[in-house]
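Student: Starting from these lines, generate the structure:
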Amino acid sequence: MNRKLLALNLLLVAALIYAGFQYHARRVAAQAREAATLINKVAPLPPPVLSPLPAPQAVTASAYETVAQKDLFDQSRNPNVPIEIPPPPPPLKDPPPLPSFHGMMNIGDGPIAIMSKSGSGAQEGVRVGGMIGEFKLLDFNRQEIALEWDGRVIHKRIDDISKQEGSPRSAADFVGSSGLTPMPGVASAPLPAPKLSELGPGADNGNTNRPCLVGDSSPNGAIVDGYRKAVRVNPFGSECHWEPVGK
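Tutor: A predicted model of the protein is given here:
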């Protein structure tokens with residue numbers, strides 16, 4: 001029994017000695033590999049070539065149009081607000097040829113203008129407020145006459161619409177043509193010129209524009225009661241009316 005234990009112990013001692021030699025050999029080999037590895041220097045790789053980044057684009061408001069139109073908090077939001085431009089007013093029509101003025105008379109019941117639709121047409125007596133062709137006689141005196149046509153007031157000098165043939169004719173020359181007989185003892189008196197004043201627009205006549213009153217001295221462009229005075233010069237003289245402001 002003792003011999004077996006001694007042989008076993010000797011075998012174990014031999015195994016330990018062999019294991020120690022193997023450990024020492026492997027440790028020496030590992031140290032040699034480590035030293036060889038540390039001695040060898042690895043050449044560094046060249047750095048990669050980097051291209052420059054593109055420049056950022058400028059920030060514009062149009063780039064966010066989609067964001068504004070697709071706002072989750074308001075589906076109906078739209079920055080493109082339509083602007084309704086009112087249609088331009090229709091162009092003003094040119095008045096027909098003005099009637100001719102031949103003279104005036106007063107037989108005691110108010111002044112009468114002797115006029116004709118044309119220079120060679122039949123003459124007739126017209127009172128203030130009467131019609132001569134398409135024109136309405138608003139007022140007249142020895143220097144000026146005011147006619148209304150299509151809601152517009154036309155001021156003209158008597159000399160501009162008087163018949164140019166021959167010299168001016170007196171009131172007596174028109175008694176037969178007008179059918180009026182002067183009263184005895186009543187002399188014809190000249191009609192005084194109307195007193196000019198700032199009267200403003202005339203009464204509403206159903207049209208968009210209002211007529212100018214006779215004797216109105218308001219300057220062109222004046223604004224009274226929401227209407228602007230507009231005076232335009234045409235081949236037949238000057239034409240006046242009041243236009244609504246802001247309509």
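
Student: and the residue positioned nearest the centre of the chain, what is it in contact with?
Tutor: The C-alpha lying nearest the average C-alpha coordinate of the chain belongs to I85 (CA atoms, centre = their mean; 6.6 Å). With contact set as CB atoms under 8 Å, 6 or more residues apart in numbering, I85 has no partners. All C-beta atoms are positioned from the backbone trio N, CA, C, and that covers glycine.

Student: I'd like the distance between it and G226.
Tutor: 22 Å (CB to CB, to the nearest Å).

Student: circling back to that earlier point, next, the residue nearest to the centre of the chain: phi, psi?
Tutor: phi -100, psi 120 (degrees, to the nearest 10).

Student: and the host helix or strand of M115, how far from the chain's centre?
Tutor: Element membership for M115, per DSSP states H and E: strand 111-116. The chain centroid and the centroid of strand 111-116 are separated by 47 Å under CA atoms, centre = their mean, to the nearest Å.

Student: Tell me which strands that strand pairs with, and in which orientation.
Tutor: If you go by DSSP bridges, strand 111-116 pairs up with strand 100-106 (antiparallel), strand 123-126 (antiparallel).

Student: Can you give me the pLDDT of the residue nearest to the centre of the chain?
Tutor: If you check I85, the pLDDT there is 88.

Student: Next: I145.
Tutor: For I145, the predicted pLDDT is 91.

Student: roughly how far apart are it and I154?
Tutor: Distance from I145 to I154, by CB to CB: 9 Å.

Student: Next: P54.
Tutor: 73 Å.

Student: Compare the two and say which one has the larger neighbour count.
Tutor: Using other CB atoms under 10 Å as the criterion, P54 and I154 rank with I154 on top: 23 against 6.

Student: quick one, phi psi at the more buried one?
Tutor: phi -120, psi 120.

Student: And the helices in this structure, which stretches?
Tutor: 2-39, 65-69, 158-161, 175-178 (DSSP state H).

Student: Make TSV from these and add mean pLDDT and distance to N220 to it.
Tutor: Below are the helices of the chain laid out as TSV (pLDDT from 0 to 100; distance: least, CB to CB, whole Å):
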stretch	mean pLDDT	distance to N220
helix 2-39	90	106
helix 65-69	72	47
helix 158-161	83	20
helix 175-178	34	37
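
Student: Mind checking those for the one nearest to R210?
Tutor: helix 158-161 (24.3 Å; CB to CB).

Student: Show the secondary-structure elements that the closest one is packed against.
Tutor: strand 100-106, strand 144-149 (3 or more CB pairs under 8 Å, 6 or more residues apart in numbering; DSSP states H and E).

Student: what comes into contact with that helix?
Tutor: Outside helix 158-161, the residues that touch it by CB under 8 Å, 6+ apart are 98-101, 140, 142-145, 237.

Student: Would you mind listing the buried residues in stretch 136-147?
Tutor: By neighbour count on 16 or more other CB atoms under 10 Å, the buried set for stretch 136-147 is 136-141, 144-147.

Student: Can you pick out the most distant pair from those residues?
Tutor: Most distant of the buried residues of stretch 136-147, by CB to CB, are K136 and N141, 16.8 Å apart.

Student: So P96 sits against S118, correct?
Tutor: No. Contact criterion CB atoms under 8 Å: P96 and S118 do not qualify, at 10.2 Å.

Student: Please pull out the lowest mean pLDDT helix or strand from the chain.
Tutor: Within the chain, no helix or strand scores below helix 175-178, which has a mean of 34 by mean pLDDT, DSSP states H and E.
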